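> just the structure for this:
(chains A and B)
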Amino acid sequence: MKKKKLISLFMAAGMALSLAACGSSSSSEAAASAPASEASAAVSAAGSEAASGDFAGTITLGVIGPMTGTLAVYGTHISNGVELAVEQINADGGVSIGGEAYALATETKDDQGDSTECLNAMNALISDGIGLVVGSATSGCTSAITSVANSEGVVLITPSGTADALTTEMDYVFRTCFKDSFQGQLAAKYAADNGYTKVGIVYCSADTYSAGLRDAFSASCAELGVNVVAEESVATMTDVDYTNQFNKMVSAGAELVFIPFYYDVTGPYLVPQARQAGFSGVLLGCDGVDNTETTIPDGADLSVYNDFYFINHYAEDLAATDVSSCFVSSFKDKYGESPNNFDALGYDAVLVYKKAMEAAGSYAAADVQAALADTSVVYEIASGKFSFDETGTPIKSGVLMGYSYNEGDAAVTKSSIQTLEVE
Amino acid sequence: MITFIQFLITGLRLGSVYALIALGYTMVYGIIKLINFAHGDFIMVGGYTLYFTIPVMMRLGLPGWTAVILAVIVCACVGMLVELLAYRPVRKKGTNLTALITAIAMSFVLENLAQAIPAIGPDPRVPYTLFSKTVTIGGVSISTATFITIIVSALVMIGLYLFTQKTRIGRAMRCVSEDKQAAVLMGINVNRTIIITFAIGAGLAAVAALMYIAQYPKLYTTMGATLGIYAFVAAVLGGIGSLPGAMLGGMVIGIIQSATNTYISSSMSDTFVYLILIIVLMIKPAGILGKNVGEKV
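Coordinates of the predicted model:
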């Protein structure tokens, strides 16, 4: 028993060290200057003292996302990012408001990827008196809670809701990701830059995310002189058969097909069926395609996942700031895997809140909103550097990532290719 | 021409799966006049059984599809349990309406029960994909799964037809569906016949599940709901209670969906499915093959 306790103490100390190492607070400097043998003990003491005694109070952030259901990967990763940020901030002395340090805590609600559940979750958080919320993951769910956020005066930062209409001027809704019209522009620019002249689109006309991306993509294609030769829609975002749509892409001679769908259909249905229908060109998706590797069936013909690219918010090896390299290393320490989009964007949402609260000198929702609405502030976060535009959407860049099949180890790998920017 | 052949193949493979599921609806309806809304969920049960058993079979050195034998057994057991625990007690006391409500309740029970099992849970699973090779013949590309689906469905339907026509149990099933009281007088064990019908119907759902996940490899606990609705529509369209009707209805719906996707608009396929259902029911209220009472099972 004693041994176990000792080990856990060491682990806690190690964790505190790794967490504190990223910050620039005095406690980490103290640890660095202390003799090596006592270093870990000193930090763990400082850490536990900070956790129990030093804080003037606790600020609870609400977190809403699909923790279960078809899009569970999104919610759990956002939550992982948020938890890491909260842990680091607390280990680093908390949020300092008016000379006092406050600890952060979270209250997480599951919306199962469903708009109604999302609204219920939001109402539950509001009735608990929470004024600062991170959520939800998809545009569909987030659009169900923006009006409540605005009417109740609750600040909402969505890590990954990309639909254009989510943020409007002078309101309580912000985000840490780029918006769909920007993603669509990036996709069209990629097609134009790489010499594709005949492109096709397969999308879902009934879905905010998919239809919004399609509009932005085809508008940008028209501007850049890329010809959209075929356009097909499916009835819902969960349709299972895309064969006929891709037959049409093939007969129209499309060299690249734009596919604004989520990973739950691209892995098992869309990509294999597109190849079965004889489409051998490039498949280009958006941020929803990230995590497709989790839905590729065993025993499938993996070569179909070649030439399959997507626009993304963040790539571990393309992000170059100090904050992002620190984020990557501490994320790997805590969770034992590389962070993805949602980890980074959830982490960023907390960092943005911290900076805004400190700038406002308050954690009241109205004050934080006013601080966030200041478009001159530059946020240095895991996914890069940005400042908000007047609607509350970051002005930032995107990255191009792609899947490829490696015959040697018979696996599909995801890699980042380049940073994409619109002049 | 290539587009036409491709559309036809896509339609037939969708239709074969619908037809296999519709057979289960129609058999149960034929024998106890109950629309078994839980039937779609038997596919989910079959799908998850396959998800767990295919890797086991492959580790044993057997081909992955042999897992379907276990899936058929599991599904048949679930089908019989549902009949024994829910439908039979309700049928003894209640009306047709109470039985219908019980069926809807049973569907939710199965879905939520599956979610509550930790190994299944609410998150979707991607099963092992069998028959993933693609063959291209004269510009038309067809996956092996499509071939196998169409052939297996055809064989199952012929087999089932022969079973109901030629065997003792099959004849008893037809007898019960025609006149329950007379069947009792003839010395047929009605309850046993009904439970066998449930076992066969649910077993067919397991075969349908194998065909389905070979082409659409994703499992989630509510997957049976949408599939069940299409199959139910297929059964009604073909004439519920009629075996050839269910097969025809399934094929018609698959082909309509595929045709709408190819030639009209891909987001209108459901609209056309239901539109045609309404038109057919206005002209022939009993469904396409519905008047043929003698064929009832």
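> residue B:267 and residue B:260, how far apart?
9 Å (C-beta to C-beta, to the nearest Å). Quick note: C-beta positions are derived from backbone N, CA and C, even for glycine.
> just the helices in chain B please.
Along chain B, the stretches classed as helices by DSSP state H are B:2-32, B:39-59, B:67-82, B:88-93, B:96-116, B:144-166, B:168-178, B:180-185, B:190-215, B:223-238, B:243-259, B:269-283.
> for chain A, which of these is the nearest?
Across those, chain A has its closest neighbour in helix B:2-32 (4.9 Å, C-beta to the nearest C-beta).
> the closest one and chain A, any residue contact?
Yes - Helix B:2-32 reaches chain A (C-beta under 8 Å from any C-beta of the partner chain) through B:2-3, B:6-7, B:10, B:14.
> residues contacting the closest residue to chain B within the stretch 51-200 of chain A?
When distances are taken as C-beta to the nearest C-beta, the stretch 51-200 of chain A reaches nearest to chain B at residue A:68, 4.3 Å away. Residues counted as contacts of residue A:68 (C-beta atoms under 8 Å, 6 or more residues apart in numbering or on different chains) are A:75, A:110, A:112, B:121-123.
> got the contact list for the residue nearest to it when sequence neighbours are not counted?
Nearest non-adjacent residue to residue A:68, counting by C-beta to C-beta, 6 or more residues apart in numbering or on different chains: residue B:122, 4.3 Å away. Neighbouring residues of residue B:122 by C-beta under 8 Å, 6+ apart: A:68-69, A:72, A:112, B:115, B:221.
> where does the chain have low pLDDT?
Just going to use chain A. Applying pLDDT under 70 to chain A flags residues A:1-53, A:170, A:319-320, A:423.
> let me rephrase: I mean chain B.
In the predicted model, chain B carries pLDDT under 70 at residues B:291-297.
> who in it is up against chain A?
Residues of chain B lying near chain A (C-beta under 8 Å from any C-beta): B:2-3, B:6-7, B:10, B:14, B:55, B:64, B:121-124, B:126-130, B:132-134, B:136, B:139, B:141-143, B:216-218, B:220, B:258, B:261-262, B:265-270.
> report the separation between the residue located most distally from the centre of chain B and residue A:354.
Within chain B, residue B:138 marks the point farthest from the mean C-alpha position, 32.7 Å out by C-alpha atoms, centre = their mean. Remark: distance between residue B:138 and residue A:354 (C-beta to C-beta) = 63 Å.
> next: residue B:92.
Distance from residue B:92 to residue A:354, by C-beta to C-beta: 66 Å.
> these two: who's more crowded?
residue A:354 (23 against 7; other C-beta atoms under 10 Å in any protein chain shown).
> what's the first helix or strand after the helix or strand hosting that one?
Here residue A:354 sits within helix A:341-360, counting by DSSP states H and E. Per DSSP H and E, the first helix or strand lying C-terminal to helix A:341-360 is helix A:365-372.
> the closest residue to residue B:188 other than its chain neighbours: how many residues sit nearby?
Counting by C-beta to C-beta, 6+ apart, residue B:188 lies nearest to residue B:172, which is 4.8 Å off, once chain neighbours are set aside. Residue B:172 is flanked by 22 other residues according to other C-beta under 10 Å.
> residue B:267 and residue B:260: which is more packed in?
Under the criterion of other C-beta under 10 Å, the comparison of residue B:267 against residue B:260 puts residue B:260 first, with 24 against 19.
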